[in-house]
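Peer 1: here is the input, now give the coordinates:
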Amino acid sequence: MSPRSKLCLLILLALLLFPGVLAAQSDDLLTRIWNGVQQAQTKYTSGCGTIVETRTSSLMVRPMLLRGKFCAEGTKRFSLEYFEPNPIRIRFNENYLNVTTGGKTEVLEVGSSVRRAQSYFSRENSIGNLKKNFTITVQENSRDFQMKLVPRSEAFRRRLNYLVVKLSKPDFLLRSLEVDGKSGVNSVFAIDVTSLNPKIPADTFEVYKPGVYKPEAYKPK
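Peer 2: Residues are numbered from 1 along each chain as shown. Okay, the predicted model is just below:
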């Protein structure tokens, strides 16, 4: 798997798994946040919007800004397309992750990894799992809730320095996500949800599978 695909998979897991992390805590603030997230997930089953990623690294002279759009249906289908500075398309549909850039599509079967991680953090013993693997701090201000997750176990420390999740008040929708990876790349995603519960065309989440013909080039819509 290429470094870019590893980063994409890490980001995808962060986007899909953070509600399960909240479920494992029991203090008043986290319980209130978790209840709000559950209500939002029930009320909003799909959504689309715009995204701006600020990517930094010790190898970069200056931060890189990537602008694009996204759509999601639950935790099984996700599409992210960047238009600036270069076209990149990331699609996840249940079992497969496609990363298209520079005219080539990398196809990865990641469904079992995603489901295993989701199961690990959503079972009845998730409280113990999270206390073992993460230190979690939560803050509340007038605009949002902020959660910082720092890995404690070596299994997670090998890939991740920390995650920071911000949820807007009062709707508990994701406003921003910061992923600080062991690769030395830090990505902060500013998220603006512009459409809730839209009817999303099926081809938005269309993916290529191993052994299936892939296009030679990708042109953003």
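Peer 1: how about the strands in the chain?
Peer 2: 46-57, 64-73, 77-84, 88-93, 96-101, 104-109, 134-140, 144-151, 160-168, 174-181, 185-196 (DSSP state E).
Peer 1: can you list contacts of the fourth one?
Peer 2: Think strand 88-93. Contact with strand 88-93 is made by 8, 12, 66, 68, 76-82, 97-101, 110, 114, 205-207, 218, 220, as judged by C-beta atoms under 8 Å, 6 or more residues apart in numbering. Yep, even glycine has a C-beta here, placed from its N, CA and C like the rest.
Peer 1: among those residues, which ones are buried?
Peer 2: A residue is treated as buried here by neighbour count (16 or more other C-beta atoms under 10 Å); on that basis the buried members of the contacts of strand 88-93 are 8, 12, 66, 68, 77-82, 97-101, 110, 114, 205, 207, 218.
Peer 1: and the residue lying closest to L29 once chain neighbours are set aside, what's its pLDDT?
Peer 2: The shortest distance from L29 to any non-neighbouring residue, by C-beta to C-beta, 6 or more residues apart in numbering, is to V138 (5.5 Å). The model reports V138 with a pLDDT of 84.
Peer 1: I'd say V138 and D144 touch.
Peer 2: No: when contacts are counted by C-beta atoms under 8 Å, V138 is not listed as touching D144 (11.2 Å).
Peer 1: any low-confidence regions in this protein?
Peer 2: Residues of the chain that meet the criterion pLDDT under 70 lie in 1-27, 113, 115-131, 211-221.
Peer 1: contact partners for K69?
Peer 2: Contact partners of K69, counting by C-beta under 8 Å, 6+ apart, are 48-51, 80-81, 83.
Peer 1: between those residues, which sits nearest K148?
Peer 2: Closest approach between these and K148, by C-beta to C-beta: I51, at 20.7 Å.
Peer 1: list the contacts of the residue nearest to L29.
Peer 2: For V138, the contact set (C-beta under 8 Å, 6+ apart) comprises 25, 29-30, 33, 145-148.
Peer 1: could you rerun that using 7 Å?
Peer 2: Listed by C-beta atoms under 7 Å, 6 or more residues apart in numbering, the contact partners of V138 are 29-30, 145, 147.
Peer 1: with T45 instead?
Peer 2: Contacts of T45 were listed using C-beta under 7 Å, 6+ apart, and they are 73-74, 197.
Peer 1: what of N133?
Peer 2: For N133, the set of contacting residues under the criterion of C-beta under 7 Å, 6+ apart consists of 151-153, 156.
Peer 1: could you find the closest non-adjacent residue to it?
Peer 2: Nearest residue to N133, sequence neighbours excluded (C-beta to C-beta, 6+ apart): S153, at 4.5 Å.
Peer 1: got phi/psi on the one you found?
Peer 2: In this entry, S153 is assigned phi and psi values of phi -80, psi 150 (degrees, to the nearest 10).
Peer 1: how about the closest residue to L65 other than its chain neighbours, what does it touch?
Peer 2: With C-beta to C-beta, 6+ apart as the measure, T54 is the residue that lies nearest to L65, at 6.0 Å, once sequence neighbours are left out. Counting by C-beta under 7 Å, 6+ apart, T54 makes contact with 63, 65, 188.
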